[in-house]
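Student: kindly return the folded structure for what I paste below:
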Amino acid sequence: MTERQSRRRMLRTLVGAAIATAVAPTTVMAQSLAKDEKSPVKANPSNRISLAQWSLHRMIKAGSLAALDFPQFARTTFGIAGVEYVSTFYRGMAADDLWVKDLRKRADGAGVTSVLIMVDGEGELGVKESSARRSAVEAHRRWLDAAAVLGCHSIRVNALGVGTSAEQIAQCADGLSQLSALALPMKLNVLVENHGGLSCDGAWVAKVVGAVGAPNCGTLPDFGNFRCDDGAMGDRYAGVAAMMPFARAVSAKSHDFDAAGAETATDYAKMLTIVRSTRYSGWIGAEYEGDRLSEVDGTKATRDLLIKLGCTL
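Tutor: Residues are numbered from 1 along each chain as shown. Modelled structure (predicted):
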């Protein structure tokens with residue numbers, strides 16, 4: 001058996017385990033989640049809090065916060081030392097990409113780590129036509145270059161296409177394989193988020209990443225993006241559980257909070273138990289997407305809840 005075959009067999013095993021967890025959690029996991037309802041989640045200082053730039057998208061679009069000032073704002077306003085950029089806020093900047101070096105300088109000056117770039121609007125990596133997939137891969141290349149300059153560990157992309165579930169798995173796997181091959185010598189990961197289309201099913205995302213079989217292709221489970229195109233809401237806990245074996249980043253999506261500071265749609269304690277069951281030790285991104293609180297207050301509430309549950313700044 002070749003090394004590649006061995007790696008593929010291992011990944012298929014992981015995918016099978018992830019899907020089994022998504023459909024019917026093991027007794028150990030079920031007991032852990034039940035216990036969690038009665039006691040706080042065990043602290044894990046290695047899970048540091050990063051900030052997703054989308055949390056401040058209204059401020060950026062309104063012009064009250066410049067996209068280049070995001071690292072300093074994250075550090076000064078929230079005490080957060082890791083940031084996750086959104087590509088669409090920088091797409092219109094100079095073609096010479098000097099802005100990337102400027103952004104790196106600003107992040108370094110603020111004592112902030114650039115974690116990843118969330119890439120949107122650069123073409124579907126799972127489109128049916130192979131030539132269109134290649135074009136989408138090439139369009140994403142710019143963000144690999146930017147991530148390398150910034151010192152990120154990954155870019156986040158979308159697994160989107162047209163066709164049956166099986167067809168989209170094959171098509172997305174092809175596009176992701178091409179992009180991962182470009183990213184590998186740059187020491188960058190390509191991460192798939194549950195973010196529209198069939199990716200509202202975490203087990204489906206796990207199948208896609210397993211089909212890629214690249215050592216630098218993984219997932220970014222998002223706590224909140226499990227609403228499918230037909231309006232149905234998938235099981236967010238099963239979805240995250242299915243994606244966690246491949247996770248290189250995690251997005252703690254929030255929308256609103258009760259008087260006690262708990263998120264009203266997601267049981268964060270339960271979700272962090274799932275995340276930590278895989279011994280994940282990376283950044284956990286605070287991503288506020290609500291509209292009742294201001295973006296600053298909602299982000300602070302998300303940060304504070306994560307700290308309460310054992311994450312650190």
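
Student: mind listing residues that contact the helix or strand residue 305 falls within?
Tutor: Using DSSP states H and E, residue 305 maps to helix 295-308. With contact meaning C-beta atoms under 8 Å, 6 or more residues apart in numbering, helix 295-308 is reached by 49, 51, 55-59, 77-80, 252, 254, 257, 261-263, 268, 284, 286-288, 290, 292-293, 313. Glycine gets a C-beta too; all of them are placed from N, C-alpha and C.

Student: now the buried members of these.
Tutor: 49, 51, 55-57, 59, 78, 80, 252, 254, 257, 263, 268, 284, 286-288, 290, 293 (16 or more other C-beta atoms under 10 Å).

Student: could you check the helix holding residue 305 and say which residues are buried?
Tutor: For helix 295-308, a neighbour-count test (16+ other C-beta under 10 Å) marks 295-296, 298-303, 305-306 as buried.

Student: can you put the residues you listed in a markdown table and add pLDDT and distance to residue 155?
Tutor: Converted to a markdown table, the buried residues of helix 295-308 look like this (pLDDT from 0 to 100; distance: C-beta to C-beta, whole Å):
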| residue | pLDDT | distance to residue 155 |
| --- | --- | --- |
| 295 | 98 | 24 |
| 296 | 98 | 27 |
| 298 | 98 | 25 |
| 299 | 98 | 23 |
| 300 | 98 | 27 |
| 301 | 98 | 28 |
| 302 | 98 | 23 |
| 303 | 98 | 24 |
| 305 | 98 | 27 |
| 306 | 98 | 23 |
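
Student: let me have those residues in a markdown table, extended by distance to residue 111.
Tutor: Shown next, in a markdown table, are these (distance: C-beta to C-beta, whole Å):
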| residue | distance to residue 111 |
| --- | --- |
| 295 | 22 |
| 296 | 20 |
| 298 | 24 |
| 299 | 19 |
| 300 | 19 |
| 301 | 24 |
| 302 | 21 |
| 303 | 17 |
| 305 | 24 |
| 306 | 20 |
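
Student: now do the SS call for residue 252.
Tutor: For residue 252, the secondary structure call by DSSP: H, G, I helix; E, B strand; the rest coil comes out as strand.

Student: per-residue confidence at it?
Tutor: At residue 252, the model reports a pLDDT of 98.

Student: show me the contacts for it.
Tutor: Counting by C-beta under 8 Å, 6+ apart, residue 252 has contacts 223, 268, 271, 284-287, 302, 306.

Student: mind checking pLDDT for the closest residue to residue 79 other than its chain neighbours?
Tutor: Nearest residue to residue 79 in three dimensions, chain neighbours excluded: residue 313, at 5.1 Å (C-beta to C-beta, 6 or more residues apart in numbering). With respect to pLDDT, residue 313 scores 96.

Student: so residue 313 makes contact with residue 81?
Tutor: Yes: in terms of C-beta atoms under 8 Å, residue 313 counts as a neighbour of residue 81; the distance is 6.5 Å.

Student: if we can go back for a sec, okay, and which of the contacts of helix 295-308 map to strands?
Tutor: 49, 51, 252, 254, 284, 286-288 (DSSP state E).

Student: so the residue most central in space within the chain bridges to which residues?
Tutor: Most central residue of the chain, judged by C-alpha distance to the mean C-alpha position with C-alpha atoms, centre = their mean, is residue 220 at 3.1 Å. In this entry, residue 220 is beta-bridged to residue 193, by DSSP bridges.

Student: which SS state does residue 170 fall under?
Tutor: Residue 170 is classified as helix under three-state DSSP.

Student: residues in contact with it?
Tutor: Taking C-beta under 8 Å, 6+ apart as the test, what residue 170 contacts is residue 211.

Student: got it, and residue 313?
Tutor: 48-49, 79-81, 303, 307.

Student: how about 10 Å then?
Tutor: When contacts are counted by C-beta atoms under 10 Å, 6 or more residues apart in numbering, residue 313 touches 48-50, 75, 78-82, 303, 306-307.

Student: pLDDT weak spots in the protein?
Tutor: Scanning the chain for pLDDT under 70 picks out 1-45.

Student: pretty sure residue 184 sits against residue 214.
Tutor: Yes: with contact defined as C-beta atoms under 10 Å, residue 184 counts as touching residue 214 (7.2 Å).
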